[in-house]
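> no sequence for this one, just the structure:
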């Protein structure tokens, strides 16, 4: 679990809930039709804008990436790849069979080396997998962006519907307050969905796309070099020199 | 029919309608002058901004593209073109006469090959047709964008007109509520037209332009190679290598 | 007259006027000080931002371009230039003296050929005229943009002035409604001026700049080739190949 | 004085004042604490954002440039430089001693030629002066932009402060109106400062930067050529060919 | 201390506080749950968007840079580096041991020269340190931007929560005013945090990033040249020529 995503969203909802709790009951803040307008409208817009076929998988990959911690840093990947290169030098490709790897993308590359596939084929296969994954991640980010953009609009639409209904029947003044309160709920829902959930996750996914691109490209380069039986030190040097400057500075500091 | 467009718009309107239904009658939400201001104003702005000559056809092509499903994927097109190349190799160009093709653009190319036209002429004709079609599609998208941008503005104009009228005659307090309800309707219409219809369709058309450009360029390249009697395998290889990386990854996965 | 501009603006104002008419008298919607604030403020900002010297001519050229139909399409221009080239081939440059041309820019070029000026001088003179005209047109478009941007701001300023005045003297509740109605008028004026007049004309002028640049560059190229006694067919070919792809596609379709 | 800046700002304030005058007394529109919030807040933000050292001189240069008319056009500069070149050809550099020049930048260059400085030194000195001046002008423009951006925000902050105070003490209904009027004043001040003063001056300074860059570069080129004893005609030709196309077209027309 | 940052923020808060003081007590403007929503929500969004690991150090470095005065100008750095080069020429690298340097980055470089490290190693180490520092500074600026963007959103969310609570229980009209006042406080907090604190500091940090990049690159270049025993005059010339044009103009003026 990516604790930061969970903590951040829970904290933002938490202070809102605390303020509601101080002022009275939660019941007044739950209204099913209001939720239906904001969530249903947002989903409707997403369905219009994105092709149905890839919608579910992009949504799933995006959500998983937003809430799951990527366990490995570039530095750990390079260390792991260097270890693998040493295993291959000592025991040959078959020695990788029993080598333990956590990162699923690196594990797939390891298996292809152990299975003795052609370097060009390994590179091609892994690059396609990477492209497909990043494409889905970008699509997932854009879906969150689309929902974050449309939620406030549907919040306003719901409030306008509620206001028109309230204004049509103002005979009993005592009902005006609660009716207007319900009308405002959709605006509140829209603001919460956009600002607490969708837009921050969109930003987080954007950042993850960059990290994953660096990591997976690093894995591909390393695996291909291992398959080509390059020396562990050479592979290590090369992978570090591939990293962007700031990544290198960060690695250096951590070392 | 592009079910996604229909489903999305119907869903977004549906939840709004359901919320209206829960709160009372639909009658209070229909006001002809309000509709006239928002729709008429939006159309007026579009007429000022876009040349009259191409307005209707761009609008028609855009709407058709937004609501009709493009049946073919790049992968299906490549398979179909490969089949056609095999037919030509076995039976000559005339063999294409009886070959069944669904996609109208591919069908046109097929007919030109069967009719024995010059490769340069075929390429030129199809490229012009593609450019003209894409140009219209882009124009159609921009018309939806213009309407989506101006609808909320005219919604506000209508509400201001209604508010001024209401404020001028506040003698009878019991009429204030309903009058203000009617005034707010134009803002509601503007928000619905912009956020549920125009802007999502604009985004969808933008995506379709990219897909159609890839598909039709693929068809042109394939048809010209068939006319030049290239081998089916060669044509298939070449067309796949033309696809952008992610398209190839997606094709691979689907295969 | 460019009917589209007229029709669009009249239609947008028309539906607004119809809605006003349905709800009562027009009188309540006319308030001279409100008009003064929005129009005067907008003009003030334009005077600050644009140099006084070119303001009037840019405004005039912009307005004329927005409301007058450009009669000629690139295709008509090319046909006309080809005809002129044939006249010159048969009768020499002097034959153009009696040749009828509607487009004023083409007419000027024709006259210079008939007068036997040097090709370099003709090109130089026409290019300067084109640059000056396009510069004015762009400046005119920017003036409309500046007014369209500042009109809503002055609408809000006017409404704030009216609200402050109303709130200062709330002794007689019966005057509150009409006073607030008047205060809202400036916001309405600002929205109408910006959304119905200024911003659509700005967009239209932007489009016209592109069309005029293509047309006048075409005329310059054609006139210089005629002066150089190139053959009509050659000139025609060259001019068509100068057009952007989509223009060519559109010409083809119209042919 | 740049009359356009003065006239524009006075006109925009004038129509606002006239509308205030029609509706009652000016006194209700002057509130010192409201002015303090909007102006003080705006200045505070500027002080945070821009280094104190250059703030005053950038502000002074920007304000001077916005309100003072630049007397010379590129055409006049070129004529003046050509005259100077003729003086130097006839009487030598010392002849410039008694030559009258209005433009201070050109005067400085003239003096350096008369004093017999090295061409490279003259060019270097004038270019540094130009860069420093333009840098200050750009900084001045950005200060006006920063104030124009923050004024409406502080207008809203002031209004919120006023509203909270008013709502806290609603015992006497007769005070609600005037209290709310005062609260709205900061929003009005913010809108006026941003839309009438700061943002138009920002746009004007942006335009002046471009003009001054052309003018001063022209002067530097001309002065260096005079120092190198180039012929007046050659200098004139060269300077005109340096101007951007549209400037040349404008010169031509004025000639 | 960077007095400008302190003065600017204190001034902007000061005028707001003065306006509050004039209108009554400060007590009405302090509400703990309102502060919790705006600050807690903003922090929550930052935690979702930025990786937890670097959050604290980026925040600390950003805040320190915003509030601390960078004592050295490029000119002072160049003078200091020239002095160091003279010391090295006269006394050798060891002479730097007792040389006093205030700037910590220059001090680190000096120490490495005194310790006799390899030029390539010195350059590499200092460049990584610079990259890491600038990276943190940029991240710090982006955190302030994220908080400045989300504060008004959470201000609105808090106000909506307060309004809904108030509207639900309108039995006692005398409580409406104070309840609405409290509801508006979150909007006020959001506007103050965004416009007085976060966004100006974001802009200031953006400017500091540019200054620090110039300064530290200058130090690296100078230190490496000193280590290579280049002559003081040569180093001085080279460093000045590295500066951007406007910096040179500013140095010249100050000289």
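Great, that's in hand. Model, not experiment: these values are computed from the prediction.
> What is the distance between stretch A:210-222 and the centre of its chain?
Its chain's C-alpha centre and that of stretch A:210-222 lie 17 Å apart, by Cα atoms, centre = their mean, to the nearest Å.
> what's the burial count for residue A:234?
If you count neighbours by other Cβ atoms under 10 Å in any protein chain shown, residue A:234 ends up with 12. (Glycine included, C-beta is placed from N, CA and C.)
> before we move on, which element is residue A:178 in?
In this structure, residue A:178 sits in helix A:176-192 according to DSSP states H and E.
> Could you give the number of residues near residue A:60?
The tally of other residues near residue A:60 (other Cβ under 10 Å) stands at 12.
> and whichever residue of the stretch 101-250 of chain A sits closest to chain C, what does it touch?
With Cβ to the nearest Cβ, the shortest gap between the stretch 101-250 of chain A and chain C falls at residue A:167, namely 16.0 Å. Shown in contact with residue A:167 (Cβ atoms under 8 Å, 6 or more residues apart in numbering or on different chains): B:177, B:178, B:180, B:181, B:184.
> May I ask which of the residues you listed has the most neighbours?
Per-residue neighbour counts (other Cβ under 10 Å) across the contacts of residue A:167 peak at residue B:181, which has 24 neighbours.
> host element of the closest residue to residue A:219 other than its chain neighbours?
Nearest residue to residue A:219 in three dimensions, chain neighbours excluded: residue A:106, at 5.0 Å (Cβ to Cβ, 6 or more residues apart in numbering or on different chains). In this structure, residue A:106 sits in helix A:104-114 according to DSSP H and E.
> next SSE after that helix?
Following helix A:104-114 toward the C-terminus (DSSP H and E): helix A:119-168.
> what does the stretch 51-200 of chain A put close to chain B?
A:51-52, A:127-129, A:131-132, A:135, A:146, A:150, A:153-154, A:156-158, A:160-170 (Cβ under 8 Å from any Cβ of the partner chain).
> if we go to 6 Å?
A:52, A:128, A:131-132, A:135, A:153, A:156-157, A:160-161, A:163-165, A:167-168, A:170 (Cβ under 6 Å from any Cβ of the partner chain).
> Which one of the residues you listed is nearest to residue D:24?
residue A:167 (32.0 Å; Cβ to Cβ).
> ok, so of the residues of the stretch 51-200 of chain A next to chain B, who is nearest residue C:63?
Closest to residue C:63, out of all of these and judged by Cβ to Cβ, is residue A:153, at 35.7 Å.
> Look up how far residue A:150 lies from the nearest residue to the closest one once chain neighbours are set aside.
Take residue A:153 and drop its neighbours on the chain: the residue closest to it by Cβ to Cβ, 6+ apart is residue B:195, 4.2 Å away. Here the criterion is Cβ to Cβ, to the nearest Å. By it, residue B:195 lies 6 Å from residue A:150.
> one step back: just the buried residues out of the residues of the stretch 51-200 of chain A next to chain B, in PyMOL syntax.
To isolate the buried ones among these in PyMOL, judged by 16 or more other Cβ atoms under 10 Å in any protein chain shown, type:
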select buried, chain A and resi 128+131+132+135+153+156+157+160+161+163+164+165+167+168+170
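> per-residue confidence at the nearest residue to residue A:229 once chain neighbours are set aside?
Closest residue in space to residue A:229, ignoring its immediate chain neighbours: residue A:88 at 6.8 Å, by Cβ to Cβ, 6+ apart. On the pLDDT scale, residue A:88 is placed at 90.
> What strand or helix carries residue A:88?
Assigned by DSSP H and E, residue A:88 falls in helix A:74-91.
> again with residue A:8
Using DSSP H and E, the element containing residue A:8 is helix A:3-23.
> Centroid-nearest residue for chain A?
Closest to where the C-alpha atoms of chain A average out (Cα atoms, centre = their mean) is residue A:66, at 2.9 Å.
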